[in-house]
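Asks: sequence plus predicted model, see below.
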Amino acid sequence: MAAKLSSYRAKRDFASTPEPGGEASTGSGYGAPADDSAGCTERFVVQQHHARRLHWDLRLERDGTLASWALPRGIPAHPDENRLAVRTEDHPLEYLEFEGEISAGEYGAGLMSIWDRGTYRCEKFGDGEVIAVFSGERVRGRYALFQTRDDDWLIHRMDPPEEPGYEPMPERIKPMLARTGALPKEDDAYGYEVKWDGIRALCFCDHGHVALQGRNFTDFTSRYPELRELGPQLGAQRAILDGEVVALDEHGRPSFERLQARMHLESDSAVRRRVRDTPATYVIFDLLYLNGRPTHSLGYGERRRLLERLGLEGPLWRTPPYRRGEGRALLDATAALGVEGVVAKRLDCPYEPGRRSHAWIKVKNVCVQDVVVGGFSPGAGKRRGRVGALAVGYFDCGRLVYAGKVGTGFTERTAVHAVSSARASAQPPEPLPRTPAAARHRARRAEAGGLGRVP
Ligand code: MN
């Protein structure tokens, strides 16, 4: 026994770790003798271990110690979902009961808690293959563990899923989109959310692992590493969330300009530097899958109820409440705050992946802006020899900034008048500075088309 636990003991300093030393382990153990344990019943434990990365440790009683595997993605619930199981050192039997905080600096530092325990019937316990039928609180059914290479094994569920209708988590989904429109007349039939000005992203959470997927299946995970911390909050749950990655300004309003500083960074080190000064926040507004159940066929109101039960609130992620009816009041409130607008979502409508649906309406606050004509560009084609477009700007804190070109909405006479009066009051030429709004438009187009870096 001492030999079987030598690796366990060598890794630990029992003066500093609360883990058991294994002195009580004896060769007799429980259950069957070492040479033939097929068909007998022994104990098992699964510990949830918040070490550097959240994982689960499966330990099977065997010949007086606990044969152990670390499972980064937990125990699969479906035969189509084989999961990695990394063979680790044998642990002493006392570990069946162990829960506690392994202090920083020690081997396996972090909180260890019992996630499941019970007994298992061993059908096979070979060098590279184990077949076991578990009777635990959570884990029940027949599983195979088999070695693929060195310490890497896979765990496979041999039985059908325990819950009928359990479906594996989809790997990608196209988000549902909203149409632009006015506030709906049937106010009570809609839920209203603030329209967040950021980057749309679905978040796939599986046993603490997080993957962020953009509208065109772009993988944003490494771009916003601070959002990975959301994963462990869901523990062993599996969920697909829908939401918006935003950067908040000092007033807590989403600032697309700030987010731009994060959008096109190429290297991990550049990302790490910007995480500190411009952290991203994930604003969650929908739930598309939960623990084996796709939820997109449920109505919006029902999906929101399930989402809110998850209580996803953290330093960098939140689930802002929505409002049933009273769309006008919310729209006015967003206007007062200087936020883009609201999204109205029909309470009884399912989620329609990839569709720009009538069930979701984005209602924008209309802005009225006085502009100054700063110049024009000559027309082409039919408008050759006449004014093509007017270049307009507006005053921002006493500075004239460029707003863009206006090519319609004026007659030739108005244009000529505007240009000649602009000439009359001409000051020394000064190029209009590019505005964030113009840059934002280009950045958005680049993101939507997955074009990468903004020029
Ligand atoms: Mn562990």
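Replies: Done, it's in.

Asks: show me where pLDDT drops low in the chain?
Replies: Applying pLDDT under 70 to the chain flags the ranges 1-2, 24-39, 367-370, 408-409, 418, 422-455.

Asks: count of residues packed around the residue of the stretch 1-150 of the chain found nearest the ion?
Replies: Ranked by CB to the ion, the top residue of the stretch 1-150 of the chain for proximity to the ion is residue 49, at 3.8 Å. Glycine gets a C-beta too; all of them are placed from N, C-alpha and C. Using other CB atoms under 10 Å, residue 49 has 20 other residues around it.

Asks: find the helix or strand that it is a member of.
Replies: If you go by DSSP states H and E, residue 49 is part of strand 41-50.

Asks: how about residue 308?
Replies: helix 300-309.

Asks: ok, and what's touching the helix or strand that that helix is followed by?
Replies: Using DSSP H and E, the helix or strand that follows helix 300-309 in sequence is strand 317-318. Strand 317-318 is contacted from outside by 227, 230, 281-284, 312, using CB atoms under 8 Å, 6 or more residues apart in numbering.

Asks: can you show me the strands along the stretch 251-400 of the chain?
Replies: Assigned by DSSP state E, counting those that start in this stretch, the stretch 251-400 of the chain shows strands spanning 281-290, 293-294, 317-318, 323-324, 341-346, 356-364, 372-378, 387-396, 399-406.

Asks: possible to save those as JSON lines with mean neighbour count and distance to residue 44?
Replies: Listed next are those as JSON lines, based on neighbours: other CB atoms under 10 Å; distance: least, CB to CB, whole Å:
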{"stretch": "strand 281-290", "mean neighbour count": "23", "distance to residue 44": "27"}
{"stretch": "strand 293-294", "mean neighbour count": "16", "distance to residue 44": "27"}
{"stretch": "strand 317-318", "mean neighbour count": "18", "distance to residue 44": "34"}
{"stretch": "strand 323-324", "mean neighbour count": "16", "distance to residue 44": "47"}
{"stretch": "strand 341-346", "mean neighbour count": "24", "distance to residue 44": "45"}
{"stretch": "strand 356-364", "mean neighbour count": "18", "distance to residue 44": "47"}
{"stretch": "strand 372-378", "mean neighbour count": "16", "distance to residue 44": "75"}
{"stretch": "strand 387-396", "mean neighbour count": "17", "distance to residue 44": "66"}
{"stretch": "strand 399-406", "mean neighbour count": "16", "distance to residue 44": "66"}
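
Asks: same list (those strands) but as a markdown table, adding distance to residue 73.
Replies: Shown next, in a markdown table, are these (distance: least, CB to CB, whole Å):
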| stretch | distance to residue 73 |
| --- | --- |
| strand 281-290 | 16 |
| strand 293-294 | 18 |
| strand 317-318 | 21 |
| strand 323-324 | 37 |
| strand 341-346 | 32 |
| strand 356-364 | 33 |
| strand 372-378 | 57 |
| strand 387-396 | 51 |
| strand 399-406 | 49 |
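
Asks: TSV please, covering those strands and showing distance to the ion.
Replies: Rendered in TSV, the data for these read as follows (distance: least, CB to the ion, whole Å):
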stretch	distance to the ion
strand 281-290	26
strand 293-294	29
strand 317-318	26
strand 323-324	44
strand 341-346	42
strand 356-364	43
strand 372-378	65
strand 387-396	56
strand 399-406	56
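
Asks: can you name the next helix or strand after the helix or strand hosting residue 146?
Replies: Here residue 146 sits within strand 140-149, counting by DSSP H and E. Counting by DSSP H and E, the next helix or strand C-terminal to strand 140-149 is strand 152-157.

Asks: tell me how many other residues surround the closest residue to residue 311 other than its chain neighbours.
Replies: Spatially, and ignoring its direct neighbours in sequence, residue 311 is nearest to residue 319 (7.8 Å; CB to CB, 6 or more residues apart in numbering). Neighbour count for residue 319, taken as other CB under 10 Å: 21.

Asks: residue 319 contacts residue 312, correct?
Replies: Yes. Applying CB atoms under 8 Å as the test, residue 319 and residue 312 come out as touching, 5.0 Å apart.

Asks: ok, so what distance separates residue 414 from residue 166?
Replies: If you measure residue 414 against residue 166 using CB to CB, to the nearest Å, the figure is 66 Å.

Asks: cool, residue 228 as well?
Replies: Applying CB to CB, the value for residue 228 to residue 166 is 26 Å.

Asks: give me the beta-bridge partners of the residue nearest to the spatial centre of the chain?
Replies: By CA atoms, centre = their mean, the chain has its centre lying nearest to residue 203, at 2.8 Å. Beta-bridge pairing for residue 203 (DSSP bridges): residue 212, residue 241.

Asks: now swap in residue 317 and tell me
Replies: With DSSP bridges as the rule, residue 317 is bridged to residue 282, residue 314.

Asks: near the ion, which residues of the stretch 51-200 of the chain show up?
Replies: By the rule CB under 5 Å from the ion, the part of the stretch 51-200 of the chain lying against the ion is residue 57.

Asks: for the nearest residue to residue 243 once chain neighbours are set aside, give its distance to residue 196.
Replies: In space, and not counting its chain neighbours, residue 243 is closest to residue 284: 4.1 Å by CB to CB, 6+ apart. Relative to residue 196, residue 284 is positioned 10 Å away (CB to CB).

Asks: give the residues shared as contacts by the two.
Replies: Joint contacts of residue 284 and residue 196 (CB under 8 Å, 6+ apart) are residue 243.

Asks: where's the residue of the stretch 1-150 of the chain closest to the ion relative to residue 112, distance?
Replies: Distance of residue 49 to residue 112, given as CB to CB: 5 Å.

Asks: who touches both of the two?
Replies: If you check residue 49 and residue 112 against CB under 8 Å, 6+ apart, the residues they both contact are residue 57.

Asks: how near is the residue nearest to residue 243 to residue 171?
Replies: Distance of residue 284 to residue 171, given as CB to CB: 20 Å.

Asks: would you map the helices across the stretch 151-300 of the chain?
Replies: Along the stretch 151-300 of the chain, counting by DSSP state H, counting those that start in this stretch, helices occupy 230-233, 256-263, 268-277, 300-309.

Asks: buried ones in the last one?
Replies: I take that to be helix 300-309. Neighbour-count burial for helix 300-309, counted by 16 or more other CB atoms under 10 Å, picks out 300-301, 303-304, 307.
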